[in-house]
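Enquirer: Give me coordinates for this.
(one chain, ligands or ions: 1)
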Amino acid sequence: MNIENETKESILQCDPEIMLDKAESFLNLMMRYKCAIMEVETKLNVLNSEFSLNHNRNPIESIKTRLKKPASIIEKMNRRGFELNVESIEENLFDIAGIRVICSFVDDIYTVANLLINQDDIKLIRMKDYIKNPKENGYRSLHLIIEVPIFLSNEKKYMKAEVQLRTIAMDFWASLDHKLRYKQDLENPEDIAGRLKECAELCTDLDNRMQDIRDEIDKK
Ligand code: 0O2
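Expert: Next up is the predicted model:
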């Protein structure tokens, strides 16, 4: 029996009251992550509006958010060998609340990220800069793990969220890479990986050229 089946089995054997209690705690946890997403999204929208007023353009093109699905949570907890309970999920998974910020230019990514993490109620837990240090396959994005406070009726709780910041070109590449990675039956995976990496390099070049054009226009 695999771990996922064992987990399902142990849940099925559980006392219904304990099960209800666990389900309630899980729903409560998901509600808190949803609130964290709303808080971060509002902060980003505020920054975008202010920037737009002062500089006559939006550094953020769009924001996408997602709450990790229960099946993906279980899969990741099992894969990493963590005990499957609400406390352990909250302690060990940092990407249940996910916010993806698509920026116009590469320097906007760092501007938005710095403005966000310098807010006095935000705690920066970890930053991974896959723009300065792209992954071997060509993936580029700036990843932040932050903690943001949410205010409930009788408590203030810090919740973790993952913020991924990318340009439109980085997002275009990552979306197609993600789709292609699900296709397991490729005849020539190495060739595909090589061509995807070339495309990533083209995206980097495109981002740099667009940034240069904007810098030149801004100088005038
Ligand atoms: P989903 O469905 O996008 O959420 P962590 O997951 O943070 O505990 P890790 O592996 O160090 O640990 O995280 P990392 O490197 O910060 O990257 C996690 C997320 O970045 C992934 O989430 C993807 O969203 C994105 N990502 C990382 N590498 C790649 C890549 O090569 N291609 C693409 N398209 N996206 C990538 P998940 O969990 O895979 O899924």
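
Enquirer: and the longest helix belonging to the chain, is it in reach of the ligand?
Expert: Identified as the longest helix of the chain according to DSSP state H is helix 16-55. No: on the criterion CB under 6 Å from any ligand atom, helix 16-55 is out of touch with the ligand, staying 12.9 Å away. C-beta here means a position set from N, CA and C on the backbone, and glycine is covered the same way.

Enquirer: Could you give me the buried positions within the helix or strand following that helix?
Expert: Where DSSP states H and E defines the elements, the next helix or strand beyond helix 16-55 is strand 60-67. The neighbour-count check on strand 60-67 (16 or more other CB atoms under 10 Å) flags I60, E61, I63, T65 as buried.

Enquirer: which helices and strands does the longest helix of the chain pack with?
Expert: Counting contacts by 3 or more CB pairs under 8 Å, 6 or more residues apart in numbering; DSSP states H and E, helix 16-55 packs against strand 60-67, helix 86-92, strand 97-103, helix 106-117, strand 142-151, strand 156-167.

Enquirer: tell me the contacts of P134?
Expert: By CB atoms under 8 Å, 6 or more residues apart in numbering, the contact list for P134 reads R140, A200, T204.

Enquirer: Pipe these into JSON lines and attach secondary structure and distance to the ligand per row.
Expert: Formatted as JSON lines, those follow (DSSP: H, G, I helix; E, B strand; the rest coil; distance: CB to the nearest ligand atom, whole Å):
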{"residue": "R140", "secondary structure": "coil", "distance to the ligand": "9"}
{"residue": "A200", "secondary structure": "helix", "distance to the ligand": "9"}
{"residue": "T204", "secondary structure": "helix", "distance to the ligand": "15"}
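
Enquirer: looking at the residues you listed, which has the most residues close by?
Expert: Most neighbours among the contacts of P134, by other CB atoms under 10 Å: R140, with 24 neighbours.

Enquirer: my read: it touches K132, true?
Expert: No: assessed by CB atoms under 8 Å, R140 is found out of contact with K132, at 9.1 Å.

Enquirer: on that earlier part again, from the buried residues of strand 60-67, which single one is nearest A193?
Expert: Nearest to A193 among those, counting by CB to CB, is E61 at 28.0 Å.

Enquirer: Spatially nearest residue to that closest one (excluding sequence neighbours)?
Expert: Excluding the flanking residues, the one nearest E61 by CB to CB, 6 or more residues apart in numbering is I102, at 4.6 Å.

Enquirer: sorry, back to before: so which of the helices and strands packed on helix 16-55 is nearest K123?
Expert: strand 142-151 (4.2 Å).

Enquirer: which parts of the chain sit against the ligand?
Expert: Counting by CB under 6 Å from any ligand atom, the chain sits next to the ligand at F94, D95, G98, K128, K135, N137, Y139, H143, A174, D177, H178.
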